[in-house]
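Trainee: What would the 3D arrangement of this be:
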Amino acid sequence: MNSKPSAPPAPSDPAVEPTPESGPAGIGILSFAVRFPGASTVEALWESFEAGRESIARLSDDELRAAGVSEAEIADPSYVKARGLVDGADLFDAALFGFTPREAELLDPQHRLLLEVAWEALEAAGIDPGRFDLEGRRIGVFVGSGIDGYLIANVLPNAASLAAGGGLQAMILNDRDFLASRVAYELNLKGPAVVVQSACSTSLLAVHLACQSVLDGAADLALAGGVTIRLPQRTGKTAPLTSNVPFWVIGGCWSGGRLNHASLGTDTAWPYWLNRRTLSMRLPSAS
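Mentor: Numbering: from 1, shown residues only. Presented below is the predicted three-dimensional model:
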């Protein structure tokens with residue numbers, strides 16, 4: 001007697017692990033939150049691209065002097081008097097995250113900015129970490145940052161602030177090792193909290209590791225990205241005058257033809273990776 005084989009039961013959990021019959025699971029991008037020179041949203045950044053608008057600021061000699069640049073550097077023909085500047089890098093909503101004024105003063109601006117954009121990404125995606133925690137679901141954090149220049153340029157030279165806050169507190173509020181765990185703690189995220197550092201590929205690697213974490217089941221959602229703010233901000237950089245070195249302008253849109261190769265040497269930071277925040281979620285398997 002011939003009979004049709006019964007169909008496999010439908011998965012009850014939309015985040016069920018993939019099987020050979022159902023196909024591979026996917027990754028969905030739920031939201032972005034960004035801060036770029038000349039653009040504080042993804043939409044504004046795209047408008048800059050479409051309009052061919054530059055976001056690199058040209059710095060005057062007086063601005064450079066005020067930032068502590070020496071006269072010798074200013075007069076150096078290889079010194080680039082241009083920089084991609086993130087608006088509001090000196091601002092922070094300390095009360096939103098429960099920081100005291102003293103803690104906010106000592107906290108590295110990169111940590112401040114990452115906290116704010118991470119919060120924005122969760123808000124834009126409509127994610128309530130408390131609800132996810134009650135449901136037994138985990139949100140991971142995979143992030144990286146630039147060097148902690150704020151500690152060197154601002155905190156350590158300020159003996160009064162350092163003494164008031166304490167050396168240990170200053171270290172915790174500035175060291176890159178605490179970046180991911182701080183975001184996880186302040187936003188109540190209970191998944192893996194991993195600091196990623198791989199030079200100019202930091203944010204790319206963070207996104208990759210976040211996707212792997214979601215696919216492996218270590219996290220149900222993951223916040224991934226990176227941040228870099230060089231201090232003092234309104235300074236340029238000496239460029240090596242050689243055709244054998246690749247050149248980029250840090251963090252901003254640049255319209256080719258406005259600056260020649262000899263004037264473009266500075267940090268290598270890709271704006272479409274650095275400072276990007278991606279919230280990823282495991283999707284149902286294909287049926």
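Trainee: Next, count neighbours for the closest residue in space to residue 59 that isn't next to it in sequence.
Mentor: Nearest non-adjacent residue to residue 59, counting by C-beta to C-beta, 6 or more residues apart in numbering: residue 81, 4.8 Å away. Bear in mind the C-beta positions are built from the backbone N, C-alpha and C, glycine included. Residue 81 has 18 neighbours, counted by other C-beta atoms under 10 Å.
Trainee: Is residue 81 in contact with residue 57, as I believe?
Mentor: No. Using C-beta atoms under 8 Å, residue 81 is not in contact with residue 57, being 9.6 Å away.
Trainee: wait, what's in contact with residue 90?
Mentor: Shown in contact with residue 90 (C-beta atoms under 8 Å, 6 or more residues apart in numbering): residue 109.
Trainee: was I right about residue 174 contacting residue 150?
Mentor: Yes. Between residue 174 and residue 150 there is a contact at 6.2 Å, judged by C-beta under 8 Å.
Trainee: Can you work out which residues contact both of the two?
Mentor: Listed as contacting both residue 174 and residue 150 by C-beta under 8 Å, 6+ apart are residue 108.
Trainee: State the distance from residue 151 to residue 139.
Mentor: Distance of residue 151 to residue 139, given as C-beta to C-beta, to the nearest Å: 28 Å.
Trainee: Please identify which of the two sits among more neighbours.
Mentor: Between residue 151 and residue 139, counted using other C-beta under 10 Å, the more crowded position is residue 139 (24 against 19).
Trainee: Would you mind listing the residues in contact with residue 68?
Mentor: Taking C-beta under 8 Å, 6+ apart, one finds 232, 235 in contact with residue 68.
Trainee: would it count as being in a helix?
Mentor: No. Counting by DSSP: H, G, I helix; E, B strand; the rest coil, residue 68 is not part of a helix but coil.
Trainee: Please report the distance of it from residue 75.
Mentor: 15 Å.
Trainee: Same question for residue 220.
Mentor: Taking C-beta to C-beta, one finds residue 220 at 56 Å from residue 75.
Trainee: More neighbours: the two, which one.
Mentor: Taking neighbours as other C-beta under 10 Å, residue 220 and residue 75 compare with residue 220 leading, 19 against 9.
Trainee: separation between that one and residue 144?
Mentor: 22 Å.
Trainee: What of residue 155?
Mentor: For residue 155, the distance to residue 144 - C-beta to C-beta - is 21 Å.
Trainee: Which residue of these two possesses the greater neighbour count?
Mentor: residue 144 (27 against 21).
Trainee: so what's the more buried one up against?
Mentor: Residue 144 makes contact with 176, 179, 195-198, 202-203, 205-206, 226-227, according to C-beta under 8 Å, 6+ apart.
Trainee: So which of the residues you listed sit within strands?
Mentor: Among the contacts of residue 144, the ones falling in strands (DSSP state E) are 195, 226-227.
Trainee: does residue 57 sit in a helix, a strand or a coil?
Mentor: Residue 57 is classified as strand under three-state DSSP.
Trainee: Many thanks, we can stop here.
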